[in-house]
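Colleague: Mind looking at a prediction? Sequence and model below.
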Amino acid sequence: MRNVLLVKYGEIATRGSNRYLVENRLIKTIIGRLADLPGYRVYKEQGRLLVVNEEGEFDYDEVIPRVVTTLGVTAVCPCTETEERSIEHLQRLGYEVFKSKYPSGNISFKAITKRSDKKYPLTGNEVSAAVGGYILNSDIEGLRVDVHDPQAVIYIEIRNSIYIYCGFIKAVGGLPTGSSGRATVLMSGGIDSPVAAFTVARRGVEIEAVYFDSPPYTSERAKQKVIDLAQRLAVFTGGVKLFVIPFTEVQLKIYESVPPEKITLFLKRAMLRSAELTALETGSLALVTGDSIGQVASQTMEAINAIDSAASSMPVLRPLCAMDKQDIVDIARKIGTYDISIRPYEDCCTVFVPKHPETKPKKSIIEKMEKTKLEGLEDMLKTVVARREEINCQNTVHTDSVNT
Ligand code: ATP
Ligand code: MG
């Protein structure tokens, strides 16, 4: 008998012949996250993964935070594994597992058995009745059975070995990182874009980020904020490559060349195009922004319509487009980016923001003005993109608690 961690994963199962590749990727990611802890191994076990410690006691406090933040994992169950298959042994073990979780009793419960080993001599219902009855009649006080809406559940999974556990811990879900190609996120230091990055990463997309830096109008600390955000996202993805693009001369050119109410529109177009130029070099398949319809002047439907055509060779994903600010804030808090995002450092848009930005621009006019008033812009964007700084932000906060 030993303590192990059963790892459940979701949608991978629907992925046909890709399934083994994606499962193996998930196993590799988890192995990587446990690499500095001696003795841990990860196995595939009939549609689940199993984490075991072959050299000593299982340290759940150390292991669980690393596994529940792994994209693709839907839940984990700390459980007891046994080779001994007699029903008397399972009754005794079920009792011990239940008692250690609910020592003071006074709770409704039921037993659920999953019998993957079809040769096991008792049916699933018979096992549940035997183990549940044993616990009910034990010295744990105030127990009652409720099969419809129990407060506690004891699970018995009969596989090559038998696993017994009480409940599970919900994990981050989604798909394993890298199983869905790569996208480039336009990441400011704000609340929205890190959430947009996380939302897309959660679908298995490998994300890299671009940040447009405008020194001396924006400070080193504003840049550090974006680095910290990328590092926070790396808790889930393992790593985020961040490109810092020096944007001051582009900002100044726009500032000097177009009417004040249109500055933000051209700035956003320049950002989108620069991100696209970067993505084309790195093999990204899409751009991602934190836009949410109607949130600010540059995010009205008209503005999005006028900005979008700046990147013509790949889709611009706006995963937050239909979300309310509060919903976005809730996610930011859960994934731990909120406290970083609200640090009060200016970003380049706030420095150059016009007093009365245009909210209903016309795409045809904007596109025409870009050609006439911003001659040479495309070459300038190519130059600043080539001057980008590359920062590899790695996951260093394994054990930090992340509320998934
Ligand atoms: P956020 O909270 O993500 O900063 P926001 O609500 O402040 O968004 P805007 O400042 O209009 O909205 O930015 C809209 C989107 O444009 C951002 O979500 C981000 O994708 C992109 N963006 C804005 N500024 C920058 C920047 N300096 N570097 C990279 N991307 C940026
Ligand atoms: Mg912003």
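Modeller: Right, received. Where do you want to start? Ligands and ions are numbered 1, 2, ... in the order given.
Colleague: ok and the residue in the stretch 151-300 of the chain nearest ligand 1?
Modeller: Closest contact between the stretch 151-300 of the chain and ligand 1, by Cβ to the nearest ligand atom, is at residue 190 (2.1 Å). All C-beta spots, glycine's among them, are computed from the backbone N, C-alpha and C.
Colleague: Spell out which parts of the stretch 101-250 of the chain neighbour ligand 2.
Modeller: 188, 190 (Cβ under 5 Å from the ion).
Colleague: Spell out which parts of the stretch 101-250 of the chain neighbour ligand 1.
Modeller: Applying Cβ under 6 Å from any ligand atom, one finds that the stretch 101-250 of the chain approaches ligand 1 through 186-188, 190-193, 210-212.
Colleague: Backbone dihedrals for residue 292, please?
Modeller: Dihedral angles of residue 292 (phi, psi; degrees, to the nearest 10) stand at phi -130, psi 130.
Colleague: burial of it, as a residue count?
Modeller: Neighbour count of residue 292, defined by other Cβ atoms under 10 Å: 21.
Colleague: what about the nearest residue in space to it that is not next to it in sequence, which helix or strand?
Modeller: Sequence neighbours aside, residue 320 is the residue nearest to residue 292 in space, at 4.7 Å (criterion: Cβ to Cβ, 6 or more residues apart in numbering). Using DSSP states H and E, residue 320 sits within no helix or strand.
Colleague: Relative to the host helix or strand of residue 112, what are the paired strands and their orientations?
Modeller: Using DSSP H and E, residue 112 sits in strand 107-115. Partners of strand 107-115 in the sheet, by DSSP bridges, are strand 143-145 (parallel), strand 152-158 (parallel).
Colleague: Look up phi and psi at the closest residue in space to residue 260 that isn't next to it in sequence.
Modeller: In space, residue 260 comes closest to residue 354 once its chain neighbours are excluded; the distance is 4.3 Å by Cβ to Cβ, 6+ apart. Dihedral angles of residue 354 (phi, psi; degrees, to the nearest 10) stand at phi -80, psi 160.
Colleague: mind listing the strands in the stretch 301-404 of the chain by residue range?
Modeller: 316-317, 389-394 (DSSP state E, counting those that start in this stretch).
Colleague: hang on, I meant the stretch 1-150 of the chain
Modeller: Using DSSP E, counting those that start in this stretch, strands in the stretch 1-150 of the chain cover 2-9, 40-45, 48-53, 73-82, 107-115, 143-145.
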